[in-house]
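1. Give me a 3D structure for the following:
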Amino acid sequence: MQNILIKVILKIKHEGIKKAICNYVRKTKTLKKELAIIQKYHLIDEEERLRQKNYTFKCKEKISIITPLYNTPQDYLIELIESLKKQTYSNWELCLADGSDESHKYVGAICKNYIKSDERILYKHLEENEGIVGNTNKSIQMATGTYLGLLDHDDILHESALYECMRAIQDKADFIYTDEMKFKNDIENSVDIICKSGFGKDELRSHNYICHFVVFKRSLLDGMNELYRKECEGSQDYDMVLRLTEKAKKIVHIPKILYYWRVHAGSVSQDLSVKRYAVDSAIKAISEQLNRTGDKGKVHCNLPYETIYRIQYEFTEHPLVSICLWGIQGINVKKYIENLLDKTSYRPLEIVVSTGEEIDINDENIQIKNIKIKTDKNRYEWFEKARKYMCGEYQLYLKGACIPENENWIEELMMYARRQDVGVVGTAIKSKWNKVDFGGAVLDRDEGIHIIDKGLDWGNQGYEANMRYVRNITALTSMCMMISRKRMEEIGGYSIELGDCADIDFCLRCQEKKYWNVWNCFSAVYYSESESVIDFWKNVNEFKIKWRDKILQRDEFYHPLLKELKKM
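-> Model prediction:
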């Protein structure tokens with residue numbers, strides 16, 4: 001209470017009482033509006049409840065809920081068990097491994113009392129408390145289901161959680177995760193939601209965004225000694241998710257709030273301080289995945305964000321990079337190139353350009369190819385003709401007036417473009433108004449193309465700090481993007497007939513081939529002209545015809561609730 005009072009006093013002192021009151025009223029109205037949207041999104045009515053209960057699945061897999069107990073508060077334990085009993089899908093078992101001490105014998109008493117009326121609840125008192133790692137592994141030993149779900153002892157499942165997971169299981173999913181909500185006392189009035197992206201290998205390496213609620217096929221544990229490893233204690237969940245998603249054949253994200261994460265004194269959700277050993281364990285878990293998959297690199301915290309990680313992938317060779325410049329009309333091309341090179345550390349480079357200016361750069365590591373080619377259709381006709389003159393192993397498409405924010409921008413792009421599982425790599429783009437002009441692009445049935453975080457203040461971290469880590473995305477822009485020569489030839493170059501959207505088309509064709517498209521915030525460029533990225537995607541008719549079905553589907557990197565709340 002004292003802390004709240006101090007905050008109020010400081011706010012009034014900073015803003016003045018009138019402005020502070022106006023801001024408070026405005027914020028209250030916004031939260032009330034958001035609450036109504038969120039409630040409609042995650043709460044179900046009796047009609048839907050009955051529909052789910054009466055739904056007949058072709059194959060009713062048993063889901064074992066894994067819950068280690070330790071001195072669990074009585075009310076929390078009862079609410080947890082009741083949330084299982086309210087599930088609209090009935091083929092489950094709750095595996096409770098109890099490491100509570102002598103002064104918390106009521107934990108066992110409550111569990112045994114529930115067992116009398118529901119044989120789906122299994123309970124075992126452990127002779128000694130082995131911590132979250134050991135107790136979880138003991139709980140798994142009790143399980144008989146073909147799928148396992150992880151539920152912390154002080155949290156609650158949404159009543160539709162297992163039903164929704166079974167729908168994904170029917171569609172061959174072997175690893176499933178959902179959205180979640182933090183709450184204190186009242187679930188119905190919470191607006192503290194955590195909405196997640198579809199699965200992305202690079203985003204998962206950046207931070208543990210999957211977390212709760214996780215359900216996976218038990219067979220994914222084959223060949224593993226234990227689900228949780230003692231050496232990764234503190235980040236055991238992160239290590240587990242990294243290892244299981246490596247093995248999973250079909251990973252599904254259910255974009256629904258199906259897990260309620262309780263905030264209370266002593267809970268992980270409440271404790272915002274980061275313990276060093278937990279950070280070290282997370283770095284260890286990511287580093288071990290790099291070793292397992294043959295991706296050499298060093299993992300660091302992206303300070304000041306201790307739980308967001310940045311990988312410096314190792315590469316010793318420095319192959320030639322071809323930069324294809326476009327959109328240079330009206331600028332001093334020679335001066336622009338000199339400025340570009342001054343802010344670029346990578347060498348060797350060749351710059352392919354079509355200009356009437358004479359350009360001579362006195363640097364043996366820089367080649368300028370001034371090719372007089374007439375192009376009538378669009379920039380992609382220029383790209384396709386210019387590609388015949390490019391000698392680099394990596395091709396970088398760049399619009400004039402884009403200047404790097406950091407000297408190692410090309411190295412950052414190449415770290416990903418050189419990987420065998422990557423299609424296109426792109427940058428963050430800052431506008432002349434110091435706003436986000438490009439944070440990656442997604443498809444949307446209403447807008448056609450939506451740019452993540454467009455118009456956000458450049459210094460803003462974005463939703464769940466999404467402007468501060470490398471993530472996978474649907475599409476990137478030829479304003480600034482890199483592709484390996486090998487990938488370009490495999491995919492087949494740009495489709496000139498698709499007009500302004502041939503770069504998005506190329507990204508989608510990479511996706512079809514199961515390659516990751518990567519947006520890298522650590523490679524950023526400043527764009528000095530008034531037109532924005534979206535202005536270069538105006539001629540979309542042919543694109544919309546070709547990718548109609550894809551556009552009508554939900555883009556896994558654009559959350560429907562965040563869209564409604566205008567959070568991205």
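2. In PDB, list the C-alpha atoms belonging to the host helix or strand of Phe522.
-> With elements taken from DSSP states H and E, the one containing Phe522 is strand 516-527. What follows is strand 516-527 as a C-alpha-only set of coordinates in PDB (Å, rounded to 0.1, in the frame of the first residue of the first chain):
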ATOM      1  CA  TRP A 516      12.900 -20.300 -41.500                       C
ATOM      2  CA  ASN A 517      12.600 -16.600 -42.400                       C
ATOM      3  CA  VAL A 518      14.400 -14.500 -39.700                       C
ATOM      4  CA  TRP A 519      13.900 -11.000 -38.500                       C
ATOM      5  CA  ASN A 520      17.100  -9.700 -36.800                       C
ATOM      6  CA  CYS A 521      16.700  -6.600 -34.500                       C
ATOM      7  CA  PHE A 522      20.500  -6.500 -34.100                       C
ATOM      8  CA  SER A 523      20.900  -5.600 -37.800                       C
ATOM      9  CA  ALA A 524      19.000  -2.300 -38.100                       C
ATOM     10  CA  VAL A 525      18.900   0.400 -40.800                       C
ATOM     11  CA  TYR A 526      17.800   4.000 -40.800                       C
ATOM     12  CA  TYR A 527      15.500   4.900 -43.700                       C
END
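3. partners of that strand in the sheet?
-> The sheet places strand 516-527 alongside strand 402-404 (antiparallel), strand 422-430 (parallel), strand 471-472 (antiparallel), with pairing taken from DSSP bridges.
4. Comparing the ones you listed, which comes out most buried?
-> Neighbour counts (mean count of other Cβ atoms under 10 Å) averaged over each of the strands paired with strand 516-527 peak at strand 422-430, with a mean of 26. For glycine as for every other residue, the C-beta is placed from the backbone atoms N, C-alpha and C.
5. so where is this protein shaky, pLDDT-wise?
-> Segments of the chain classed as low confidence (criterion: pLDDT under 70) are 1-16, 18-28, 265-274.
6. how about the strands in the stretch 251-400 of the chain?
-> With strands called from DSSP state E, counting those that start in this stretch, the stretch 251-400 of the chain shows them at 251-262, 297-302, 305-313, 321-326, 349-353, 366-370, 394-399.
7. Next, the angle strand 422-430 makes with the last one.
-> If I follow you right, that is strand 394-399. Angle between the axes of strand 394-399 and strand 422-430 is 30 degrees (criterion: axes from the mean of the first three to the mean of the last three Cα atoms, to 10 degrees).
8. by contact count, what packs against strand 394-399?
-> The contact analysis (3 or more Cβ pairs under 8 Å, 6 or more residues apart in numbering; DSSP states H and E) places strand 394-399 against strand 321-326, helix 409-417, strand 480-484, helix 485-491.
9. Off-centre distance for it?
-> When distances are taken as Cα atoms, centre = their mean, to the nearest Å, strand 394-399 is centred 25 Å away from the chain's centroid.
10. thinking again about what came up before, please name whichever of the helices and strands packed on strand 394-399 is nearest to Ile368.
-> Between Ile368 and the helices and strands packed on strand 394-399, the tightest spacing by Cβ to Cβ is seen for strand 321-326, at 10.1 Å.
11. Who are the packing partners of the closest one?
-> Contacts of strand 321-326 with other secondary structure elements, assessed using 3+ Cβ pairs under 8 Å, 6+ apart, are made with strand 349-353, helix 379-387, strand 394-399.
12. ranking the ones you listed by burial, who's on top?
-> Ranked by mean neighbour count under mean count of other Cβ under 10 Å, the helices and strands packed on strand 321-326 are led by strand 394-399, which reaches a mean of 24.
13. just to revisit the earlier point, I'd like the strands paired with strand 516-527 as JSON lines, with distance to Tyr70 appended.
-> As requested, the strands paired with strand 516-527 are exported to JSON lines (distance: least, Cβ to Cβ, whole Å):
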{"stretch": "strand 402-404", "distance to Tyr70": "51"}
{"stretch": "strand 422-430", "distance to Tyr70": "42"}
{"stretch": "strand 471-472", "distance to Tyr70": "35"}
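14. Please measure how far the first residue of stretch 464-478 sits from its last one.
-> Distance between the two ends of stretch 464-478: 27 Å, counting by Cα to Cα, to the nearest Å.
15. Okay, buried residues for that stretch please.
-> Residues of stretch 464-478 classed as buried under the neighbour-count rule (16 or more other Cβ atoms under 10 Å) are 464-478.
16. Minimum distance to Gln39: which of the helices and strands packed on strand 321-326 has it?
-> Proximity to Gln39 (Cβ to Cβ) singles out strand 394-399 among the helices and strands packed on strand 321-326, at 44.1 Å.
17. Adjacent strands (with direction) for that closest one?
-> Using DSSP bridges, the strands paired with strand 394-399 are strand 321-326 (parallel), strand 480-484 (antiparallel).
18. Can you lay out the strands of the stretch 251-400 of the chain as a markdown table showing distance to Asp98?
-> Formatted as a markdown table, the entries for the strands of the stretch 251-400 of the chain read as follows, by distance: least, Cβ to Cβ, whole Å:
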| stretch | distance to Asp98 |
| --- | --- |
| strand 251-262 | 19 |
| strand 297-302 | 35 |
| strand 305-313 | 30 |
| strand 321-326 | 59 |
| strand 349-353 | 63 |
| strand 366-370 | 68 |
| strand 394-399 | 56 |
